Structures are given as C-alpha cells and as structure tokens.
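*Asks:* Give me a 3D structure for the following:
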Amino acid sequence: GLSLASEPYVAESLVITSGRMPEPQAQATAATTVFERDDIERLQVSSVAELLQRVPGLSVVRTGGTGSQMGVFLRGTSTAQTLVLVDGQRIAAASSGTSSLEFLAPEQIERIEVVRGARSALYGSDAIGGVIQIFTRKGDDQGLAPYVRLAAGSDSTYQRSLGLSGGDQRTRFHLGAALDETAGIDATRDGFGANGDDDAYRNRSLSLSLSHRVTDDLQVGLSALDQRGQVEYDDVFTGLLPTTDFQLSSISGFINGQLNEHWSSRLELGYSKDQRDTGDDSPAAPYYSFFTYTTYRDSVNWVNTLTLTDNQQMLVGVDWYEDRLHSSTTFAEDSRWNRAAFVQHRYSGDKFSTELGLRHDDNQQFGSENT
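*Replies:* Alright, predicted model coming up:
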C-alpha cells in the first residue's frame, strides 16, 4: 500500500477533435494520433511535415525544402478532403481548398491531433479523409515559466524562439515569438539550366493565449497565431527567381459553460487569413507581383453536449462561416457562406459502441445537402 501511494498519478490522455468534445483517447471511435509538446521537443522536428510523416495511413508530399508547398493525403483522399484546424478555426485557402501547413512553426504548437477516417457528419464535406487539428501553446498553473531556444544547422539554418507562460488555478496565459530562417537547398538539380540556386525560407511567428475561469462552471479564453515571411522556389521554364510572401493568421475566442449536471455548452468565434503574394525577386529586375490570393474567413461554432446516461451522450450544434477571396485572378464568385446544423448520438458499452450522426449543410454555392 505504501509503495503504491508513492507512485505519481498520471491522468488519462484526452482528445477533442474526434467527437468535438473532450474524451479519453481510448474511447474515441475514430483512430486518433496525438503529438504532445514533449513529443515535438523530443523528436526535434523542424516542420509539421516531419511530424505528420509518422502518422499511419497519412502520406505527405513536398515540392522542395523548408517552406515548399506541401500536400497531405489521408487514407487515400485528396489534400482538400482533409480538414485542417488551428484552435478550432479552418485555415484552408478558398482559392485552392488546401491549407498552408508548410508555414506552421513547430515552436508555436502545443499539441496536434490527427483523426483518421471520415468526420463529415460533425465537420462537413472537407473532413472526408479526416481532421488535423493544431493547438497553439498554452499556459499552466505552475507559475511563471520563461523559455529560450537557439539552434543552428547546415545551409545557414537558424532557429530562435522565446516565450513566457504561467498562471494559477483561475487564469493562464502564454506569449511566444519565433524566427526560423535557412538558405535552403536547390530543389531542381537537373539539366534545364534554370534556377541553379538555393531556395531560402524565412518565417516570423507570434502566438498568444489567455484563458480565465470566471466560476467553477464558466470559462472564457482567447488565442491568436500570426506567421509571416518569404519562401523562394524554382521556375525551371522561365529562369526567373520567384518568391512568395505569405501570411497565415488566426484568432479565436470561446465561452465554455457547464449549464447543469447534464448540459455543457461551448460558443466559439473565429477569424483567419491566408495570404500569398508571388512574384520575381531576381537582381536584374525589381520585384513585381505575378498573382495574389488572400482568403478572409469569419466563423461561429456552437456545440452542446448532453449527457443522457453514464454511457450515452448527445451532441447538438450549429456552424457558420463565410469566405471572402481577394485575388489578382478574376473569379466568378469571390465570397461564399456555409450554414450547418448537426446532431450525433453516442453509446459506449463494455462490448461495443455506436455512433450515429446527421448533418445538414446549406451552402451558398452548392445548396443544401445532408450527411
């Protein structure tokens, strides 16, 4: 008895993405891979791609070195059929439907959850293959904890980050900044004779999170992430030296309340921006823009969890978001909204579990559809 009492208690790992509510990972109905902050530091990864390559059933394709375009194929689906969230907010570009995972700095990430398998009844048609949710760094209740990280490597690669986190039982916060840069590698070592140069990458990132427990049953919070910089790539046909100036930002706020013994409710408001400005940065000619794509997205999510019995739960919620596209290319439509309502019943027994969900989407472009 004395021996057991001296052993530390380790809480069971909880996941959020699979069922849009906190639950033990062992009870999640969808296969879920989780990377904690300790995993990111232990593996010493320099990009999100290096982490995702370790996920079963997920393939990562990159067109070059650091910061190059990245595609994610989950269980055989296309990149646009895997939903990517940052603190609950969609970050996919409206022009391509893909998410700029290549620009996310690991130093700003607290946790990544990868759900393998369709989650369309909860999230919509862009979750046919699965969901990748990235959580930015958060504070804890252990007081102030500053940190600094410096790293250097080949190809003039340097990584610098610093931050401060802390809090108590009521309030927690985190503020962090990072700068990653590298001279890069030559991604087109071929006989074309064009772009025989290294492709540099520079990324400046800033993250902020703040949460406060107003009462034992009511919590509010805010999180923000901003990443911007420049990446070079090769154009073997024209011989130009194209670069892309990028900005990837998201901000979200939430109110989470335990309304009674059986009913908890969470309201989230969010905003995200994905901007790419591509042009020629060769010394022989001044920089000019080839094309610009900027996606602005506003969103509101309201999710209610009803505990019917010890092993039965009902999830009821509504989603709304609106995309606005500003582009140098003319599109027939430059804005689109989507409204949705969903309900899902879950039963967890000793021998088996069931999950039955229904979602109705009303899309400005595609009309009404049920999942």
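
*Asks:* In terms of secondary structure, what does the longest helix belonging to the chain contact?
*Replies:* Longest helix of the chain, by residue count under DSSP state H: helix 37-43. Helices and strands touching helix 37-43, as assessed by 3 or more C-beta pairs under 8 Å, 6 or more residues apart in numbering; DSSP states H and E, comprise helix 48-52, strand 109-116. (Each C-beta comes from the backbone N, C-alpha and C, glycine too.)

*Asks:* Summarise which helices and strands the longest strand anywhere in the chain is packed against.
*Replies:* Ordering each strand of the chain by length in residues (DSSP state E) puts strand 288-309 first. On a contact count with 3+ C-beta pairs under 8 Å, 6+ apart, strand 288-309 meets strand 89-90, strand 263-280, strand 312-327.

*Asks:* Extract the CA atoms of stretch 328-343 and return them as PDB.
*Replies:* Listed in PDB are the C-alpha atoms of stretch 328-343, where the atom choice follows Å, rounded to 0.1, in the frame of the first residue of the first chain:
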ATOM      1  CA  SER A 328      -5.400  39.200 -58.800                       C
ATOM      2  CA  THR A 329      -7.200  36.500 -60.800                       C
ATOM      3  CA  THR A 330     -10.900  37.100 -61.600                       C
ATOM      4  CA  PHE A 331     -13.300  34.500 -60.100                       C
ATOM      5  CA  ALA A 332     -17.000  34.200 -60.900                       C
ATOM      6  CA  GLU A 333     -17.700  34.300 -57.200                       C
ATOM      7  CA  ASP A 334     -15.400  35.900 -54.600                       C
ATOM      8  CA  SER A 335     -17.400  35.100 -51.400                       C
ATOM      9  CA  ARG A 336     -19.300  32.100 -50.100                       C
ATOM     10  CA  TRP A 337     -21.100  31.300 -46.800                       C
ATOM     11  CA  ASN A 338     -22.000  27.900 -45.300                       C
ATOM     12  CA  ARG A 339     -24.600  27.300 -42.600                       C
ATOM     13  CA  ALA A 340     -24.900  23.900 -40.900                       C
ATOM     14  CA  ALA A 341     -26.700  22.100 -38.000                       C
ATOM     15  CA  PHE A 342     -25.700  18.700 -36.700                       C
ATOM     16  CA  VAL A 343     -26.700  16.100 -34.100                       C
END
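
*Asks:* re the thing from before, any idea how far the longest strand of the chain is from the middle of the chain?
*Replies:* Chain-centre distance of strand 288-309: 11 Å, with C-alpha atoms, centre = their mean, to the nearest Å.

*Asks:* mind putting the helices and strands packed on strand 288-309 in TSV, mean pLDDT included?
*Replies:* Formatted as TSV, the helices and strands packed on strand 288-309 follow (pLDDT from 0 to 100):
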stretch	mean pLDDT
strand 89-90	94
strand 263-280	93
strand 312-327	96
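
*Asks:* Tell me which of the ones you listed sits most buried.
*Replies:* Ranked by mean neighbour count, the helices and strands packed on strand 288-309 are led by strand 89-90 with a mean of 24 (mean count of other C-beta atoms under 10 Å).
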